[in-house]
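Chemist: prediction below, plus the sequence it came from.
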Amino acid sequence: MFHYKLIVLSFLITPIVCFVIRWLLFKTGLIYVTKKLHRKLQDCFYVYQYLKVPELNENMQRNELYRKVSLYLHSLPSLEDSDFTNLITDHNQNDIVLSLDSNQIIEDRFLGANLFWFNQKTEPGQTGVFVLKVRKTDKRRILRSYLRHIHDVADEIMKRDLRLFANVTDGETRWKSVSFNHPATFDTMAMETDLKNKIKSDLESFLKAKPYYRRLGRAWKRSFLLYGPSGTGKSSFVAAMANFLCYDVYDVDLSQVRGDSDLKFLLLETTPKSIILVEDLDRFLTGESGVTVAGIQNFMDGILSSCCGEERILVFTMSSKENIDPIFLRPGRVDVHIHFSWCDFSSFKTLACNYLGVKDHKLFSQVEEIFRNGASLSAAEISELMIANRNSPNRAIKSVIGALQMDGDGRGCGDVIVRQVEGNDVEESQKQGSRCGGDGISTVKDLRKFYGLFRSRNGKRNRTANLALNDEG
Ligand SMILES: Nc1ncnc2c1ncn2[C@@H]1O[C@H](COP(=O)(O)OP(=O)(O)OP(=O)(O)O)[C@@H](O)[C@H]1O
Ligand SMILES: [Mg+2]
């Protein structure tokens with residue numbers, strides 16, 4: 001009878017004791033101490049293997065897996081449980097995100113196996129190493145699919161978290177990166193719908209073309225030349241391409257490149273699924289950097305990109321291709337030429353829709369008439385006027401009309417370049433535009449004064465604008 005009572009009592013008391021212990025462990029934080037002890041105890045019974053993922057490989061090139069592991073680990077909820085975590089604001093400045101501190105352990109579970117990661121970075125500025133600690137008994141079973149899982153998760157995150165890389169001359173790495181949050185899309189670009197669709201389908205077919213390029217023995221890359229006057233949307237177009245493809249952007253500043261071999265190594269350190277952008281290439285073909293013309297040609301040919309992974313888009317921008325040696329632009333070196341010209345009426349309507357939310361307006365017919373007479377402004381100039389007057393579409397359109405009427409610098413009065421899309425390539429032909437009068441230099445001055453603030457933000461733009469004006473006489 002006594003035994004019977006004892007059993008009943010213990011049945012009643014055990015859950016209560018368990019509950020109290022659990023409550024105490026969690027309430028006091030002792031759970032973490034217990035977990036650590038448990039881990040140490042396990043370490044005595046299991047044999048572990050350590051796998052390192054260094055930030056740079058033996059050739060001092062960026063290890064893509066390192067970045068993927070970093071993205072993956074930073075997405076794990078267990079990051080919150082590590083003893084030390086850095087709090088940083090991300091690109092939104094309002095969101096605070098956790099960042100793994102050096103030598104902190106992060107636990108992960110995959111297919112029933114426990115895995116431990118830590119970040120071996122010691123000094124700021126030093127390259128890092130992620131170390132994976134996995135039981136030998138689990139390694140054979142799960143490692144392959146675990147790494148696949150990391151790739152998949154990181155690829156998914158990378159689609160949302162694009163990066164913009166810029167080449168730097170100091171430090172251990174050649175590239176420094178920031179989050180790429182440019183909002184431009186093909187929808188926000190004011191350009192012919194037909195042309196946009198052609199380019200989109202060209203990019204889509206490029207994405208699927210790996211076996212095709214392989215069969216032909218060609219590097220899986222495609223090169224675009226974007227040329228046209230300042231403020232016509234070349235850089236915005238690159239951003240739209242990156243957002244469309246979900247590619248990172250490597251912005252090569254050739255003035256920072258010390259020589260041909262430096263340029264080669266820069267290319268070797270880019271990763272697949274990226275756009276490699278060289279802005280204002282025309283400046284550098286005349287020897288404004290340490291890189292030789294042959295060095296630039298090799299870079300454009302992309303032989304190197306075929307050695308270190310593929311799937312790259314090369315984009316070159318310039319104000320005009322008139323004085324460029326055709327050897328640089330031969331097929332294969334540049335696959336698609338896209339001309340960016342001054343705004344026309346249809347681009348104006350896209351801008352009005354995007355910036356003012358106006359699809360139709362009583363003043364549109366007047367604007368169309370002025371465009372028909374050959375007046376022109378860049379999309380940048382028109383969009384600035386629209387932003388300044390965004391509260392009143394009427395005022396905004398009137399100010400655009402005013403600026404178009406002041407267009408006396410002759411840019412829109414000579415030969416008008418008409419875009420034509422042939423196959424995948426965008427070619428151009430010229431047709432005679434109607435001559436308009438104008439009060440010449442003084443109006444140009446007024447206009448330049450008017451846009452002085454906008455243009456002074458970027459001295460480089462000033463230069464390309466002038467070049468464009470010279471080009472077109
Ligand atoms: N075609 C366009 N569609 C929509 N917005 C445009 C277009 N062109 C220019 N803009 C607007 O004008 C601004 C400047 O454009 P962007 O920097 O792309 O011109 P760019 O051709 O690269 O000029 P630059 O040759 O001076 O570098 C952008 O912020 C963008 O908002
Ligand atoms: Mg630009």
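Modeler: Great, that's in hand. Ligands and ions are numbered 1, 2, ... in the order given.
Chemist: name the helices or strands packed onto the helix or strand encompassing residue 34?
Modeler: When elements are assigned from DSSP states H and E, residue 34 belongs to helix 30-45. When contacts are defined as 3 or more CB pairs under 8 Å, 6 or more residues apart in numbering; DSSP states H and E, helix 30-45 sits against helix 2-28. From N, CA and C alone the C-beta is placed, and that goes for glycine too.
Chemist: the helix it packs on to helix 30-45, inter-axis angle?
Modeler: Relative orientation of helix 2-28 and helix 30-45, computed by axes from the mean of the first three to the mean of the last three CA atoms, to 10 degrees: 100 degrees.
Chemist: helix 2-28: how far from the chain's middle?
Modeler: Distance, stretch centre to chain centre, for helix 2-28: 58 Å (CA atoms, centre = their mean, to the nearest Å).
Chemist: tell me which residues in that helix are buried?
Modeler: Judged by neighbour count (16 or more other CB atoms under 10 Å), helix 2-28 contains no buried residues.
Chemist: packing partners of that helix?
Modeler: Here helix 2-28 touches helix 30-45, going by 3+ CB pairs under 8 Å, 6+ apart.
Chemist: what's next to the helix it packs on, contact-wise?
Modeler: Here helix 30-45 makes contact (CB atoms under 8 Å, 6 or more residues apart in numbering) with 24, 25, 81.
Chemist: try it again with 10 Å
Modeler: Residues outside helix 30-45 that contact it (CB atoms under 10 Å, 6 or more residues apart in numbering): 21-22, 24-26, 48, 81, 83, 105, 107, 114, 116, 133, 135.
Chemist: now it: average pLDDT?
Modeler: Taken as a whole, helix 30-45 carries a mean pLDDT of 76.
Chemist: which SSE is immediately downstream of that helix?
Modeler: Past helix 30-45, the next helix or strand by DSSP H and E is strand 48-54.
Chemist: centre of the chain versus whichever helix or strand comes after that following strand, how much separation?
Modeler: Next helix or strand after strand 48-54 toward the C-terminus (DSSP H and E): helix 64-74. From the chain centre to the centre of helix 64-74 is a distance of 17 Å (CA atoms, centre = their mean).
Chemist: returning to that earlier point: the helix holding residue 34: which residues count as buried?
Modeler: Taking 16+ other CB under 10 Å as the criterion, helix 30-45 shows none as buried.
Chemist: how is the chain carved up into domains?
Modeler: By the record's domain assignment, the chain is partitioned as 1-45, 48-161, 175-339, 345-471 (automatic domain parsing).
Chemist: looking at these, which is closest to residue 167?
Modeler: Residue 167 lies closest to domain 175-339 among the domains of the chain, at 5.5 Å (CB to CB).
Chemist: quick one: the closest one near ligand 1?
Modeler: Yes: against ligand 1, domain 175-339 shows contacts by CB under 6 Å from any ligand atom at 188, 189, 190, 191, 230, 231, 232, 233, 234, 235, 236.
Chemist: in CSV: the residues you listed, plus neighbour count and distance to residue 209.
Modeler: Shown next, in CSV, are the residues of domain 175-339 next to ligand 1 (neighbours: other CB atoms under 10 Å; distance: CB to CB, whole Å):
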residue, neighbour count, distance to residue 209
188, 17, 27
189, 23, 24
190, 23, 29
191, 23, 24
230, 23, 33
231, 27, 33
232, 26, 29
233, 24, 26
234, 24, 25
235, 19, 26
236, 21, 26
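Chemist: can you give me how far the host helix or strand of residue 201 is from the chain middle?
Modeler: Using DSSP H and E, residue 201 sits within helix 193-207. How far helix 193-207 lies from its chain's middle: 18 Å, per CA atoms, centre = their mean.
Chemist: can you tell me the average pLDDT over the helix or strand just after it?
Modeler: Using DSSP H and E, the helix or strand that follows helix 193-207 towards the C-terminus is helix 210-216. Summarised as a single mean, pLDDT over helix 210-216 is 84.
Chemist: need phi/psi at the closest residue to residue 340 other than its chain neighbours.
Modeler: Excluding the flanking residues, the one nearest residue 340 by CB to CB, 6 or more residues apart in numbering is residue 228, at 3.1 Å. Per-residue torsions, residue 228: phi 150, psi 170 (degrees, to the nearest 10).
Chemist: out of the domains of the chain, which is the most enclosed?
Modeler: domain 175-339 (a mean of 18; mean count of other CB atoms under 10 Å).
Chemist: which one, of the domains of the chain, ends up nearest to ligand 2?
Modeler: Proximity of those to ligand 2 was assessed by CB to the ion; the nearest stretch is domain 175-339, lying at 3.1 Å.
Chemist: right, and residue 114 touches residue 137 too?
Modeler: No: in this structure residue 114 lies outside contact range of residue 137 using CB atoms under 10 Å: 11.2 Å.
Chemist: which other helices and strands does the one helix or strand residue 164 maps to contact?
Modeler: According to DSSP H and E, residue 164 maps onto strand 163-167. Secondary-structure packing of strand 163-167 (3 or more CB pairs under 10 Å, 6 or more residues apart in numbering; DSSP states H and E): strand 175-179, helix 234-245, strand 248-252, helix 260-268, strand 274-278.
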